[in-house]
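Colleague: Build me a structure from this.
(4 chains)
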Amino acid sequence: METTDMFPYPKEWMSEDDEILASSIREWAEKEVIPNRQEFDEDHNNELIGPAIRKLFVDIGLQKLMWPEKYGGAGLNSPYVSTTIVRALEEVGRADPGIGFIFSGTFSLLAPIAMEPNINEDACTELAPMFCNTKDVRIGSPILPEYGDVDGINAGSIYGRVIKATAKNDGDSVTISGRKLRPLSSGGAANLFGVFCAAKGLERDDIVYVLVPADSEGIRMEEPYKKTGLVSDRNADVWFENVRVPRKYAALQRGGAECFKEVLSWHGLCASAVCIGSMMDVYEIVKEWGNTRTISGKPLKENSVDAAVLAEVANHVAVSRILTWNVARMLAKPDVYGEAWSDKMFTTARAVALHVTSSAVSAIGKAMELMASQGYATEGDVEKHWRDVKTIEVCTGKVPGMMDIARWYYDCKTL
Amino acid sequence: METTDMFPYPKEWMSEDDEILASSIREWAEKEVIPNRQEFDEDHNNELIGPAIRKLFVDIGLQKLMWPEKYGGAGLNSPYVSTTIVRALEEVGRADPGIGFIFSGTFSLLAPIAMEPNINEDACTELAPMFCNTKDVRIGSPILPEYGDVDGINAGSIYGRVIKATAKNDGDSVTISGRKLRPLSSGGAANLFGVFCAAKGLERDDIVYVLVPADSEGIRMEEPYKKTGLVSDRNADVWFENVRVPRKYAALQRGGAECFKEVLSWHGLCASAVCIGSMMDVYEIVKEWGNTRTISGKPLKENSVDAAVLAEVANHVAVSRILTWNVARMLAKPDVYGEAWSDKMFTTARAVALHVTSSAVSAIGKAMELMASQGYATEGDVEKHWRDVKTIEVCTGKVPGMMDIARWYYDCKTL
Amino acid sequence: MTTIDDFTRPKEFLSPLEKYIGGMIREWAENDVIPYRRKFNEDWKDHNWVEPAMKKLYVDIGLQKAVWPKEVGGWGLGQSDHVGTLMARVFEEVGRADTGIAVASAVTFWPLIMIALKPHINEELCAEFAPMFCDADEPRFAANAMTEPQGGSDIENMGNMGGKTITTTAELDGDEWVINGHKLWPTNTGGVADLFGVICTTKQGSSDEDDFAFIFVPADTEGVTQGEPYKKAGMAADKNSDIWFENVRVPKKYRAWGAGDDAKYFREVINWGSMSSAAFCVGAMMNTYEILKEYCSNKIFRGKPLKENTAVAAVLSDIAKDIEICRIATYQSARTLDRPELYWDKWSHEGVAKSRAVKMHVADKCIEVTNNAASLMGTYGCDRDWDVEKHWRDVKMIQLWMGGKQLCQMETARWFYGCETL
Amino acid sequence: MTTIDDFTRPKEFLSPLEKYIGGMIREWAENDVIPYRRKFNEDWKDHNWVEPAMKKLYVDIGLQKAVWPKEVGGWGLGQSDHVGTLMARVFEEVGRADTGIAVASAVTFWPLIMIALKPHINEELCAEFAPMFCDADEPRFAANAMTEPQGGSDIENMGNMGGKTITTTAELDGDEWVINGHKLWPTNTGGVADLFGVICTTKQGSSDEDDFAFIFVPADTEGVTQGEPYKKAGMAADKNSDIWFENVRVPKKYRAWGAGDDAKYFREVINWGSMSSAAFCVGAMMNTYEILKEYCSNKIFRGKPLKENTAVAAVLSDIAKDIEICRIATYQSARTLDRPELYWDKWSHEGVAKSRAVKMHVADKCIEVTNNAASLMGTYGCDRDWDVEKHWRDVKMIQLWMGGKQLCQMETARWFYGCETL
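Modeller: Modelled structure (predicted):
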């Protein structure tokens, strides 16, 4: 039985099309990624990672996926896309969580302007061609508020996070400023930023979400910083110095908090799906190890102490997968479960993302325990997953995430 | 918002009828159970618990629920009953997990003979009247194989558990023997036992599942033993000395392992649902505590350290509930997800039961931490839930459960 | 065969007396408690089974005399420089049998820390109260009355609140303190205690440590009313209830030391409370180990004892490992009470923070150990006949008391990270 | 302000030398390692950044002479009755800077335990090998060659397997041992080590301890081949690779002690390995504490440092608490190596089981601490600039080595529960 069938999930909710896309991603993974991924960490010139991303984003077409058809996209921009995305990202994550994470940011960044029912016609008209009429890779980079700030800059706050950027009214334009902002992903490789700003002199006097093309004047992207994992994702701090963008790039028709929750709900779903793919790959590897390694004269998996650890690994995957697919379904049916930006849906998606990403770190850590040095060596193909999912996990924001959960379930007002 | 709506679950899968039954159970709980439950521990003469069970089992009619209509039952004996059961047991568990646990045993014990598509006409004809044509409470008690045995008795083994009872061919009868067997529930109050036996001289030479009326000659039920919680459930060790029952009481048409997995899949679902109800009650209590208790000059819930603990409590409920409802759906749709007795479904149901029952112990333990002495005192209405869910949790069998998971996901042969 | 005595302790720290005293208590546990403890749960209100065991320990063995100075009839342990590790052993042994009796014993000792431990021995008050304990044929109990209906852990949170939320007041009226207030949940209440150490304030709402007062109140003083004992999840050998103080008058000298020093030595009381809590837990865990070892040695699976199954052995191992670590940490914590010159003042914030940290670790592990032991035993784990579930129920209270886990965390963070507003 | 030196240790156990030596290493860490350690990750193969730091520690400070007897040019610590706690401090300090260098150092010391520690000092072999380390201007490394391609932790599982699965063989041919076999993953391989202690058998398939042999093999002996270093998740300062022994001939006297005693003292090697592993972890955790304290003091949330948020403080607290407990347990474990007469033989099964238990606890906690610290720091937690993620990656290996967690569990269970077949 295929690993993807071994692990339970509500398969009634998956369509055949989802499986077709997943298959082509599986093929891409086997050909373009898996043979090379042990070298990704030293692929300083993007010679291995770059072409792989291009194949996925351009040739298979993921970067067009969520743009409306009339702007040249694949038109998968209704919430129903959620299960498609999960199944696709399982496959991408299985091969390389870093590439999955790039797509997670790119996809969720666009939800506030391109997802039904809130399609921002102006913004789509302007920005869709960047992603749809090109043979080049296009990447989005969400810049979210942070939990605390080293510089003491605090232009506002939202859901217990600090807003560091500002958006000032400037007639037909909006001027964005912000020092040393750390995006969720792709800060060093982005074509388009989605930035949450404190609004100054705009219709909304709280928080506004603005899309900012990376080639706008006044943007400085630092060198990508070195990090634990997700090497494919070149993240870097970004500085905005009086960056002017057309007014229509600001999601002024919607509240900043609404956009914030929508982006995070979708990003939570994507991050969870990537981690499931990663865990499933490790499951296959450790399963093979359990079959072939001999301990006390029998296969490792037949030693009950090791079987118990193997069971823990599998159980993390099973539980995480059920949870993630349920979030996908809930997002797909806003009439039944609430909109992506409702407090309830936001809380559920955050809670599941916290659960799944930390489960992934545990599960892969457990697999490493069993594989000992082979788990720790790059050639074992496990340690990269471990570093990758940890890097995803830290991005979910544990303490503010717990506060989000408390806020909803206990109606807390001051957290 | 109602607590039952706060916590996410795939509500598309619940019918209106399910909610109607749940409402009448809610009413029963508020009237018959909640006002008295602090005294349950000292209700030695069954003066409070007995009438409450009668109202639920006889008046509301739970004990008829899963018998086919043609034998006088309510006819909810297709796997589709799963969501009904879950929603009902959430409500029972909220009031008293003990009563929920009694029903869990009674219900799942019957699955191998009364659940579509394997209706055992002979056995139903004989046994249904006991439950359906009576104004008295009728209780079932499953006797499962154990993980190891103190006496060294080992008549056979199944899925890494020891079978202690035997069933001998005796012409038209089957003779059951077994020393000091410990049922899952209700050993001291049962009307019908469901016993897994090593088969001797029967068509099947491995394991056979036999239903044994409690008033059969040769059965000795000990005094209920004192235990941590679930006081409503009078469990006791049971001795079978050459107990003769008609052949048709043995599920000879089916494999013992198949029956074993079917009973445990359903029992896992029931036990999970009971724990969710219990957790939801504690959630309401600790929520109120968080509103009214003052720490450092503000409501407890506004202290972020306490909010983080409150969030943990809520998150355990949310995750557990999603998982449990998914198992319900999977059981309801054997064509999509496999039969209740398939290895995959069995593993999923066991894994979720392990997860949910131990989550319940953690969640309620966390709530107690916040409520300090009020959580520990009986009057706080939390400590009983804590003891109750722990008693359910130990019954799930942690180590053998982990072995079940390993067996399926890693194809282990000798565990 | 390995026994509970094989869990490691720093042997260099042990009192010369500890083998002797530990041995007596071990014997008492085997003969007077363990055979009867299953009856304690139903005996929570009447203490028909608990009292004889208490009497044996307190009067016959004489534990109620332990810390009082020799001059007033005690054993003089309050002057010993091994009292910390000795008491750790005592509470461990008592806790192994029953953590309820352990807390009742330790709480009797608790208020006396204020006046009977070197270097701060209040000879006048020792002379006043020692006879109650040292010239008695009946067990005598004492208790600190701390927690209040609102405020809860804020009372214990001296580092941040400085007593600001204490609503029990003491007013000086001539040569007498007049005390008014309502306390919840002290151990040894519900009619048990003979002497209270009352935490109160001389100026309500003040967070000046000088206004914090620790005043002794004999239980039979007029105006002291105790409620009925509460019913609770476990800890049946320990009664808790409400106490009301209504214009209770005691001599001025009953205040332990006075402005500033009351608050200071009260921190030592907290420090001792944390160490003792850890010791109870170590005892309960060691008993859990014994029971589990028996269970897993006798239960047979596939022809071998259950403990030979490696998955079971892994669970057993984690339990032994946790006991090993907890016992070492507890004795180290006790040692710092015996060697302030080498470590830190017993009443320092450092001492409080560190003993809180140890207590938090050990109490959490104790719940984990008893919880996992019960799970491993399946339906037998929740069967009262095996006593593991009793420890599980009992020790949860240890985690919750003295401000619970969250206060332990705040105290630890405050000291180790220099937090100022927690 | 509270610093890492405020975490508790049993002060009674410390060596008179430890302040001096600890201080030197602290200075080395600050000047020679911490400013450069972010470069180690890319330097895993060449060690351009690692080697100067190693040279300073080994040669200039002179750590490579530490355990050798004074008579042969060493510091003579092998004869000290404080070597255990002193080494705990050394490895803690080195581990604080870089656990990779710590393991390289400890593993150099590791085979020497067989011959240079009292009461079993092999004067002949000390005289033979000491000059390699004591008369050198360059850093010298040693290593134990244990793990094999199949068998893995079975090699270390002496208690159960008794060496049965060892496939590296030693045959006596006249006055020489002839060694054949293939070892994986020893620290300090890939061309680093100068001297190997090879675990082998004189009779393949035997589980008789008499057939277990520990034989010294200089790395330049003919027939010894080392592979390329492996690329791995962390621990860049420590190189690991394959070693092949093909008809390697060494003098008969290079076997440490002979039948029975090799196996016996090898248990002491395991005991030391466990204690040292714990010490590395304590060092890494203390550094994590320092970094986190800085981060949470400087990062501002709602006008207050992040550490003043109680939910954050709770996470910080748990980390400080774990370090406190782990450090106490580690020094207690080290103390038992210094006082066998008070505790147990260093090579006893008890010693092995208990040090395995401590190592297991400390390594698990270290992963938890670094993991939680990284999570608390959000995207900065995985940013190499903050060094927390480095510790997280590095210390995972400590949990995995020497048979990993499962073997620790089996050893612990075997001793504490009398299991016979694990």
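Colleague: Near the residue in the stretch 1-150 of chain A that chain C sits nearest to, how many other residues are there?
Modeller: Residue of the stretch 1-150 of chain A nearest chain C, by CB to the nearest CB: A:Gly148 (14.6 Å). For every residue, glycine as well, the C-beta is placed using N, CA and C. By the criterion of other CB atoms under 10 Å in any protein chain shown, A:Gly148 has 27 neighbours.
Colleague: Now do the contacts for it.
Modeller: A:Val162, D:Lys299, D:Ile300, D:Phe301, D:Leu306 (CB atoms under 8 Å, 6 or more residues apart in numbering or on different chains).
Colleague: Show the buried residues in these.
Modeller: A:Val162, D:Lys299, D:Ile300, D:Phe301, D:Leu306 (16 or more other CB atoms under 10 Å in any protein chain shown).
Colleague: and which of those residues is nearest to C:Gly100?
Modeller: D:Leu306 (41.1 Å; CB to CB).
Colleague: Do you know the pLDDT at the closest residue to chain D within the stretch 51-200 of chain A?
Modeller: Scanning the stretch 51-200 of chain A for the residue nearest chain D gives A:Gly148, at 3.9 Å (criterion: CB to the nearest CB). Looking at A:Gly148, its pLDDT is 85.
Colleague: gap between it and A:Gly160?
Modeller: Applying CB to CB, to the nearest Å, the value for A:Gly148 to A:Gly160 is 10 Å.
Colleague: same check, this time on A:Ser232
Modeller: For A:Ser232, the distance to A:Gly160 - CB to CB - is 30 Å.
Colleague: For chain A, which segments are assigned as strands?
Modeller: Under the criterion DSSP state E, chain A contains strands at A:140-143, A:156-158, A:161-163, A:165-170, A:173-181, A:192-200, A:207-213, A:219-221, A:238-246, A:294-295, A:298-299.
Colleague: repeat for the stretch 251-400 of chain C
Modeller: Ranges of strands in the stretch 251-400 of chain C, per DSSP state E, counting those that start in this stretch, are C:300-301, C:304-305.
Colleague: Which one of those strands lies nearest to B:Ser24?
Modeller: Using CB to CB, the strands of the stretch 251-400 of chain C put strand C:300-301 closest to B:Ser24, at 44.9 Å.
Colleague: hmm, back to that, now tabulate the contacts of A:Gly148 in JSON lines and tack on pLDDT.
Modeller: As requested, those are arranged in JSON lines below (pLDDT from 0 to 100):
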{"residue": "A:Val162", "pLDDT": "92"}
{"residue": "D:Lys299", "pLDDT": "93"}
{"residue": "D:Ile300", "pLDDT": "90"}
{"residue": "D:Phe301", "pLDDT": "87"}
{"residue": "D:Leu306", "pLDDT": "94"}
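Colleague: Just send those residues back as CSV, with distance to A:Leu181 too.
Modeller: As requested, the contacts of A:Gly148 are arranged in CSV below (distance: CB to CB, whole Å):
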residue, distance to A:Leu181
A:Val162, 11
D:Lys299, 15
D:Ile300, 16
D:Phe301, 17
D:Leu306, 18
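Colleague: Contacts only, for C:Ser80.
Modeller: C:Ser15, C:Leu86.
Colleague: if we can go back for a sec, just put the strands of the stretch 251-400 of chain C in JSON lines and tack on distance to C:Leu57.
Modeller: Shown next, in JSON lines, are these (distance: least, CB to CB, whole Å):
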{"stretch": "strand C:300-301", "distance to C:Leu57": "38"}
{"stretch": "strand C:304-305", "distance to C:Leu57": "35"}
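Colleague: when you scan the longest helix along chain A, is anything in it near chain D?
Modeller: Determined from DSSP state H, the single longest helix within chain A is helix A:256-292. No. For helix A:256-292, no contact with chain D is found by CB under 8 Å from any CB of the partner chain; the gap never falls below 9.6 Å.
Colleague: So, low pLDDT: which residues of the stretch 1-150 of chain C?
Modeller: Across the stretch 1-150 of chain C, nothing is flagged by pLDDT under 70.
Colleague: Kindly apply the preceding question to the stretch 251-400 of chain C instead.
Modeller: In the stretch 251-400 of chain C, no residues with pLDDT under 70.
Colleague: count of residues packed around residue 340?
Modeller: I'll assume chain A. The burial count for A:Ala340: 26, using other CB under 10 Å.
Colleague: actually chain C
Modeller: 17.
Colleague: wait, it sits on C:Lys346?
Modeller: Yes. Counting by CB atoms under 8 Å, C:Pro340 touches C:Lys346, with 5.5 Å between them.
Colleague: What number of residues are in the vicinity of C:Ser355?
Modeller: By other CB under 10 Å, the residues close to C:Ser355 number 30.
Colleague: Contact partners for the nearest residue to it once chain neighbours are set aside?
Modeller: The spatially closest residue to C:Ser355, leaving aside those adjacent along the chain, is C:Ser274, at 3.7 Å (CB to CB, 6 or more residues apart in numbering or on different chains). Counting by CB under 8 Å, 6+ apart, C:Ser274 touches C:Ser333, C:Val352, C:Ser355, C:Arg356, C:Val358, C:Lys359, C:Met402, C:Cys408.
Colleague: Please report how far the fifth one lies from chain B.
Modeller: Taking CB to the nearest CB, to the nearest Å as the criterion, C:Val358 is separated from chain B by 18 Å.
Colleague: where exactly do the helices run in the stretch 301-415 of chain A?
Modeller: For the stretch 301-415 of chain A, the helices defined by DSSP state H, counting those that start in this stretch occupy A:304-332, A:334-337, A:343-376, A:383-395, A:398-410.
Colleague: is it possible to export the ones you listed to CSV including mean neighbour count?
Modeller: Below are the helices of the stretch 301-415 of chain A laid out as CSV (neighbours: other CB atoms under 10 Å in any protein chain shown):
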stretch, mean neighbour count
helix A:304-332, 26
helix A:334-337, 14
helix A:343-376, 25
helix A:383-395, 28
helix A:398-410, 25
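Colleague: Same list, these, but as JSON lines with mean pLDDT please.
Modeller: Formatted as JSON lines, those follow (pLDDT from 0 to 100):
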{"stretch": "helix A:304-332", "mean pLDDT": "97"}
{"stretch": "helix A:334-337", "mean pLDDT": "96"}
{"stretch": "helix A:343-376", "mean pLDDT": "96"}
{"stretch": "helix A:383-395", "mean pLDDT": "97"}
{"stretch": "helix A:398-410", "mean pLDDT": "96"}
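Colleague: Next, the contact list for the residue in the stretch 51-200 of chain A positioned nearest to chain B, please.
Modeller: Per CB to the nearest CB, A:Gly160 is where the stretch 51-200 of chain A lies closest to chain B, at 8.7 Å. A:Gly160 makes contact with A:Tyr147, A:Pro400, A:Met403, A:Asp404, A:Arg407, A:Leu415, according to CB under 8 Å, 6+ apart.
Colleague: What is the burial count for the last one?
Modeller: If you count neighbours by other CB under 10 Å, A:Leu415 ends up with 21.
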